[in-house]
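*Asks:* Provided below are the primary sequence and the corresponding predicted coordinates.
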Amino acid sequence: MTLDQGVLHKKYEVLKIDLPLENRRYLEALGMTVKSEIEILNRKGKGILMVRFRGSSFALGYNVTKNIQVRELA
């Protein structure tokens, strides 16, 4: 599933980031890497999410969230 399909207040593991190299490196610099844990804090409109990873909160737009493959953590 992709991150934009996620449910509020659930935690996910990042499986794949399918973005252009520049965008992928930016997210990696912030701490979002493959196998990192991410939690959805809030949803604004279609696919725009407030998320938390590595102890910090960020807003990610639909064009980003639809290209991040995740799986739900138990």
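*Replies:* Here it is on my side, so go on.

*Asks:* What mean pLDDT does stretch 4-14 get?
*Replies:* Averaging pLDDT along stretch 4-14 yields 95.

*Asks:* Between its first and last residues, how far does it reach?
*Replies:* 12 Å (Cα to Cα, to the nearest Å).

*Asks:* Convert the C-alpha atoms of the lengthiest helix in the chain to CSV, please.
*Replies:* Longest helix of the chain, by residue count under DSSP state H: helix 21-30. Output of helix 21-30 as CSV, limited to C-alpha atoms (Å, rounded to 0.1, in the frame of the first residue of the first chain):
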residue,chain,number,x,y,z
LEU,A,21,16.6,11.2,-6.7
GLU,A,22,16.6,14.8,-5.5
ASN,A,23,13.4,14.3,-3.6
ARG,A,24,14.4,10.9,-2.2
ARG,A,25,17.7,12.3,-0.9
TYR,A,26,15.9,15.2,0.8
LEU,A,27,13.6,12.8,2.6
GLU,A,28,16.6,10.6,3.5
ALA,A,29,18.4,13.7,4.9
LEU,A,30,15.3,14.3,7.1
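
*Asks:* Just the buried residues of the helix or strand following that helix, please?
*Replies:* Reading on from helix 21-30 to the C-terminus, the next helix or strand found by DSSP states H and E is strand 37-44. Buried residues in strand 37-44, counted by 16 or more other Cβ atoms under 10 Å: Ile38, Glu39, Ile40. For glycine as for every other residue, the C-beta is placed from the backbone atoms N, C-alpha and C.

*Asks:* With pLDDT and distance to Ala59 added, can I get those residues in TSV?
*Replies:* Rendered in TSV, the data for these read as follows (pLDDT from 0 to 100; distance: Cβ to Cβ, whole Å):
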residue	pLDDT	distance to Ala59
Ile38	97	13
Glu39	97	14
Ile40	96	12
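
*Asks:* of all those residues, which comes closest to Ser57?
*Replies:* Glu39 (9.2 Å; Cβ to Cβ).

*Asks:* where does this structure have low pLDDT?
*Replies:* Applying pLDDT under 70 to the chain flags no residue at all.
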